[in-house]
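Undergrad: Sequence and predicted structure, then a few things I'm wondering about:
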Amino acid sequence: VLKWNEDKTKALVRFFETRHQRAWVYYRNISPITSKPDIKKRPRSWLDGQQELQKYQSELRKAGGDVKPKIEPMDEDASNEIDDSPSTSDEIKSCFASISCQTDEDPNKTVIDKLRKRIDDLEQDLKETKEKLNLQQQNKDISSCINKENDRFNNGNSKKKVKELIATFEETLQQNGTHHDGVIKENSERESSLEAKISELRSLWEEEKQNEMNKLKAEIQVKYDQEMVELNEMENVRRKQFAENLKRITTEQKQQEIEDAKQTLQRQHQQELDEIRNVFEQKRREFEESTNNLQRRHVASVNELRAVFEQRRRRELEETKSGLVRCHDMEVNELRGAMSREREKVISELKREHERVLRDTVRDAKRKQWCCNCQQEASYPCCWNTSYCSRHCQHVHWQQHRLHCSRNLVYVPGARAANNMAKL
């Protein structure tokens, strides 16, 4: 595993010794490299091959690796397994299935006839397999006899002769070693003659061995043919006896046997139908369980994918939301900064304008005189610090101003004003 994606649902995986170098693989299909794979049910051919390999290795160990091992034929357990092989079981199941499909349409007689035919075919197949096994056993016996004869021949006089020749050859070599160097040519001639004799003896030994092997094979073949002829004769005698016994049976016994056979066949047929119904019911339940399991797995996978997509959608929404919030905050901060700068600028301008207007108004106000009663522009001065806009305001304010007025009353108003002043 090189790396994972963001959701931790896929991994980038590196393959070895394949045409695909890298690929994205779901996490449910990834297992540690130290874990052992799940071993599924092995086929029968693989098991047979493994057994033969084990036998081969064991025989090689016994022989020290110099002798090629012999694969033994199948034993009784193998024959039993062949009898219970999946081909026969599949044929029986197909026969039962065809019978169960036709029970509703065909009458009982046709079903019974089909069962009989099918049973006869199966019995014939079993007989053929047993005959094959017997032939294999006989071949095994023949090979064992041949091996025994080979061992006997190997342990016979020819081996002794070869050993004696080798011993004499070694003695001559030792004797020749003690002589003078001038006798080397004679020794080489003797060695060549001895080697020629040894090769001749070996060829003679091989020819004798081959002849004895051929004789043994011919004798065994003759015995096998005789036994087969005897077996065929015995089989013919048994068939004749069986035909004679059938002829001796009376008609009543035949009818009774036929009725008994019908009853037994009916019972067997009913039992087989019950078994077939049970098998179909069990298969139906298994199919329903498998469909329910598949539905549950599908729902679980859909929920898991939905949760993954929902989580991814929420994450994307949160990311987009956070991005929008960041952008909005940045824009708001920029707008606030611009508004604050603009406001400060406007406030500073307004302050300057206000100060200017205030200075102007103060200057103008200082240049003018104002009424002490109504604070309007005055046009009638009274004393050095008091002015009025009209005589009415002067008469109204006189009660307060007369106490501290510093002007000498030189001017005397009219009679009407005098009366008013007198009243005041």
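TA: Thanks, I have the structure now.
Undergrad: From here on, just use CA atoms for contacts and neighbour counts.
TA: Fine.
Undergrad: buried set for stretch 213-231?
TA: Buried positions in stretch 213-231, judged by neighbour count with 16 or more other C-alpha atoms under 10 Å: Met213, Leu216, Lys217, Ile220.
Undergrad: and the third one, what element?
TA: So that's Lys217. Using DSSP states H and E, Lys217 sits in helix 184-248.
Undergrad: Summarise which helices and strands that helix is packed against.
TA: Applying 3 or more C-alpha pairs under 8 Å, 6 or more residues apart in numbering; DSSP states H and E, we find helix 184-248 packed against helix 108-154, helix 157-178.
Undergrad: just to revisit the earlier point, distance to Val229 for the buried residues of stretch 213-231 - can I get that in CSV?
TA: Output for those, formatted as CSV (distance: C-alpha to C-alpha, whole Å):
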residue, distance to Val229
Met213, 24
Leu216, 20
Lys217, 18
Ile220, 14
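Undergrad: May I see those residues arranged in JSON lines, with pLDDT as well?
TA: Shown next, in JSON lines, are those (pLDDT from 0 to 100):
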{"residue": "Met213", "pLDDT": "78"}
{"residue": "Leu216", "pLDDT": "78"}
{"residue": "Lys217", "pLDDT": "78"}
{"residue": "Ile220", "pLDDT": "79"}
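Undergrad: Looking at those, which is nearest Gln253?
TA: Ile220 (47.8 Å; C-alpha to C-alpha).
Undergrad: From Met213, how far off is the closest one?
TA: To Met213, Ile220 is 10 Å away according to C-alpha to C-alpha, to the nearest Å.
Undergrad: Next SSE downstream of the lengthiest helix in the chain?
TA: Scanning the chain for the helix with the most residues, using DSSP state H, yields helix 251-367. Once the chain leaves helix 251-367, the next helix or strand it forms, by DSSP H and E, is strand 380-383.
Undergrad: And the contacts of that following strand?
TA: With C-alpha atoms under 8 Å, 6 or more residues apart in numbering as the test, strand 380-383 has contacts from Ser387, Tyr388, Cys389, Ser390, Arg391, Cys405, Ser406, Arg407.
Undergrad: Which among the residues you listed count as buried?
TA: Buried among these (16+ other C-alpha under 10 Å): Ser387, Tyr388, Cys389, Ser390.
Undergrad: closest to Trp4 among those?
TA: Closest approach between the buried ones among the contacts of strand 380-383 and Trp4, by C-alpha to C-alpha: Cys389, at 95.7 Å.
Undergrad: Identify the residue nearest that closest one in space, chain neighbours excluded?
TA: Closest residue in space to Cys389, ignoring its immediate chain neighbours: Ala378 at 4.0 Å, by C-alpha to C-alpha, 6 or more residues apart in numbering.
Undergrad: so can I have JSON lines of the contacts of strand 380-383 showing distance to Gln226?
TA: JSON lines is the format used below for those (distance: C-alpha to C-alpha, whole Å):
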{"residue": "Ser387", "distance to Gln226": "173"}
{"residue": "Tyr388", "distance to Gln226": "172"}
{"residue": "Cys389", "distance to Gln226": "171"}
{"residue": "Ser390", "distance to Gln226": "174"}
{"residue": "Arg391", "distance to Gln226": "177"}
{"residue": "Cys405", "distance to Gln226": "179"}
{"residue": "Ser406", "distance to Gln226": "181"}
{"residue": "Arg407", "distance to Gln226": "183"}
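Undergrad: just to revisit the earlier point, show me which of the buried ones among the contacts of strand 380-383 is closest to Gln124.
TA: Cys389 (151.5 Å).
Undergrad: how far away is the closest one from Trp370?
TA: Cys389 is 7 Å from Trp370, by C-alpha to C-alpha.
Undergrad: that's a strand at Ser387, yeah?
TA: Yes: checked against DSSP: H, G, I helix; E, B strand; the rest coil, Ser387 lies within a strand.
Undergrad: what's the burial count for the nearest residue to it once chain neighbours are set aside?
TA: Spatial nearest neighbour of Ser387, excluding adjacent residues (C-alpha to C-alpha, 6+ apart): Pro381 at 4.0 Å. Neighbour count for Pro381, taken as other C-alpha atoms under 10 Å: 16.
Undergrad: again with the one 3 residues further on
TA: Neighbouring residues of Trp384 were enumerated by other C-alpha under 10 Å; the total is 9.
Undergrad: mind starting the numbering at 18 from now?
TA: Sure, I'll start numbering at 18, so the last one becomes Trp401.
Undergrad: How about the contacts made by it?
TA: Going by C-alpha under 8 Å, 6+ apart, Trp401 touches Ser423, Arg424.
Undergrad: what about it, distance to Lys385?
TA: 14 Å.
Undergrad: again with Val342
TA: For Val342 relative to Lys385 (C-alpha to C-alpha), the value is 61 Å.
Undergrad: in the stretch 18-167 of the chain, which segments are predicted with low confidence?
TA: Within the stretch 18-167 of the chain, the stretches falling below the threshold (pLDDT under 70) are 32-37, 50, 54-57, 81-140, 142-143, 146-147, 149-167.
Undergrad: change it to 50
TA: 83-125 (pLDDT under 50).
Undergrad: do the same with the stretch 168-317 of the chain
TA: The stretch 168-317 of the chain contains residues with pLDDT under 50 at 170, 173, 175-176, 179, 193-201.
Undergrad: returning to that earlier point: now the buried ones among the contacts of strand 397-400 as a markdown table including pLDDT?
TA: Formatted as a markdown table, the buried ones among the contacts of strand 397-400 follow (pLDDT from 0 to 100):
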| residue | pLDDT |
| --- | --- |
| Ser404 | 88 |
| Tyr405 | 89 |
| Cys406 | 91 |
| Ser407 | 90 |
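Undergrad: got JSON lines for the residues you listed, with distance to Glu333 too?
TA: Below are those laid out as JSON lines (distance: C-alpha to C-alpha, whole Å):
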{"residue": "Ser404", "distance to Glu333": "81"}
{"residue": "Tyr405", "distance to Glu333": "81"}
{"residue": "Cys406", "distance to Glu333": "80"}
{"residue": "Ser407", "distance to Glu333": "83"}
